Structure formats: structure tokens, C-alpha cells
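> take a look and give me a structure for this.
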Amino acid sequence: MNKSIYKVTAMDCSAEEQMVRMQLEPLPQVERLDFDLPARQLTVYHRDVVTPVTQALHQLKLGDQLLTTETAELPAVDDDSAQQKKILWWVLGINAGFFLVEMVFGLISGSMGLIADSLDMLADAFVYALSLLAVGAVAARKKQIAGYSGYIQIGLAVLGFVEVLRRFIGYGEVPDFKVMIIVASLALVGNAVCLWLIQKTKRGEAHMEASYIFTSNDIIINFGVILSGVLVYLTATRWPDLVVGSIVFAVVLRGAFRILKLTK
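Below is the predicted model of the structure:
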């Protein structure tokens with residue numbers, strides 16, 4: 001058994017991790033993949049030579065570099081996967097629930113920031129669902145689901161940008177800042193709970209590490225929506241809400257294109 005370590009410079013979130021998994025797991029010589037997203041490193045346990053693994057990784061164009069290859073024992077299978085799966089289900093449920101809450105109150109209050117944040121919650125829910133499918137699912141099935149989720153996110157983000165543009169040119173009322181602040185604060189609490197759950201079992205595992213990064217980014221976005229609500233109150237205009245909404249829609253769109261890479 002051999003262990004090869006790669007530096008993958010463009011692998012910074014769960015979307016790229018899924019790309020690598022679907023590219024390398026079908027290879028007959030690959031026995032195990034371990035990810036370190038903060039360090040952007042991939043460890044591959046494989047039989048025979050590493051050349052087919054390197055060639056397959058090159059095809060993704062993620063900036064990979066083979067650092068070392070050495071003989072090694074295959075690590076024992078982690079026995080806490082069931083607990084991690086349970087945590088991911090909780091995180092998925094919280095994100096899906098707050099997608100509905102923020103979307104409904106975003107439409108009621110007229111806040112593009114809340115609507116955009118709800119789509120970011122939906123995007124994360126898709127990623128967590130893909131992570132839950134990582135065990136036991138064939139590559140073709142995962143690519144199909146990734147494609148559906150990516151196109152849905154792109155469609156929703158484009159509609160969001162159209163609505164932001166419509167409001168920029170003069171349509172739409174000033175959003176209800178009280179609803180913005182209250183709902184975004186509740187979403188902040190929900191993401192804080194997710195972060196606490198993930199920290200309990202993270203332990204360097206790839207999917208949990210990716211979930212930790214996504215949830216940390218969500219908390220920053222929640223603070224942005226709360227700040228935009230305060231600025232709407234202070235300025236009595238819709239501009240802060242539109243600016244924050246545009247930024248979050250751009251984040252959702254970027255994530256959607258990343259997920260679509262999984263289908264190639």
C-alpha cells in the first residue's frame with residue numbers, strides 16, 4: 001500500500017472535495033481519500049503506481065502538485081461515521097428550515113438581503129446533502145444530484161439579481177428593517193447551533209471540516225444582513241439591503257458554478 005500527498009491549491013471547500021472524490025474514487029487502485037481543506041492537501045492511499053491518480057487529478061485543473069509518495073499502512077476505518085452523519089442531518093435540517101423562514105419573511109418584508117441569505121442556506125443544504133450521499137453512492141448518481149442543485153441555484157440567483165436591478169432603478173419599497181434584524185438574528189442563532197454541533201465531532205474529518213467552514217461563512221453573512229437592517233433604519237433607504245443582497249447572490253452564484261463542476 002502506498003500513500004501519496006498532494007497540494008491542491010484550488011480545493012478550499014466541500015464542492016472541490018466532492019469533485020476530487022467523484023474523480024478518484026472510481027479508480028480501482030484507490031483505497032482511501034483523506035482531505036485537509038484548510039491546508040488544501042489531499043492524501044491518497046492506493047495500490048501500485050501513483051501515475052493514474054495524478055493524471056485523473058490533473059483533469060480537474062485545481063492546481064494539484066504531488067508532494068510525496070511513500071509506503072504506508074491503510075488507516076483503520078473511523079468508527080464515529082454514524083455520529084457525524086447524524087450531525088450532518090441536523091445541520092441539513094437547520095439550513096433547510098431557515099431557507100424557508102428567511103424566504104417567507106424576506107418576501108413579506110421586501111428584503112433582498114433576507115432572500116439572498118435564504119438562498120445561501122439552500123446552497124449549503126445542497127452541499128450537506130451531497131456529503132451525506134458520499135458514502136455508498138455511485139459517482140453518476142452524485143453527479144446527477146449535483147447538476148440539479150447547481151442549476152436550481154443559478155436560476156434562483158439570476159432571478160434575485162433581476163429583482164435587485166429592478167429595485168435599483170426605482171421600484172420597490174424600503175424593506176422592514178425590524179423583520180430583517182429579527183429574522184437574520186434567528187438565522188445567526190441557528191448557524192451558531194450548527195457550528196457547535198459540528199465542533200463536537202469535527203476532529204479533522206473532511207466533510208465535517210467543510211461543514212465548519214461553510215457555517216462560519218454563513219455567520220458572517222448573517223451579521224451582514226443584520227448590519228444592512230440597521231443601515232436601512234438609519235438611512236431610511238433600501239440601498240444597504242440591495243448592496244448586501246447583491247453580494248450574497250454573487251456568493252450563491254459562485255457556489256452554484258463550483259457545484260456544476262462536479263457534473264463534468
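> so Ile5, which state does it fall into?
Here Ile5 is strand, with the state taken from DSSP: H, G, I helix; E, B strand; the rest coil.
> pretty sure it sits against Tyr45.
No: contact status for Ile5 versus Tyr45: not in contact, 10.5 Å apart, counting by Cβ atoms under 8 Å. Where C-beta positions appear, they are placed from N, C-alpha and C, glycine not excepted.
> what's the helix or strand harbouring Trp196 packed up against?
Element membership for Trp196 (DSSP states H and E) is helix 177-201. For helix 177-201, the packing partners by 3 or more Cβ pairs under 8 Å, 6 or more residues apart in numbering; DSSP states H and E come out as helix 81-109, helix 112-132, helix 206-235.
> for the ones you listed, which one sits closest to Arg166?
Proximity to Arg166 (Cβ to Cβ) singles out helix 112-132 among the helices and strands packed on helix 177-201, at 10.1 Å.
> average pLDDT for stretch 127-140?
Mean pLDDT, computed over stretch 127-140, is 60.
> residue ranges with poor pLDDT in the chain?
13-15, 77-82, 84, 130-147, 149, 171-172, 201-214, 259, 261-264 (pLDDT under 70).
> center of it, which residue is that?
Closest to where the C-alpha atoms of the chain average out (Cα atoms, centre = their mean) is Asp124, at 4.5 Å.
> in a markdown table, list the helices and strands packed on helix 177-201 along with distance to Pro52.
What follows is these, written out as a markdown table (distance: least, Cβ to Cβ, whole Å):
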| stretch | distance to Pro52 |
| --- | --- |
| helix 81-109 | 27 |
| helix 112-132 | 25 |
| helix 206-235 | 22 |
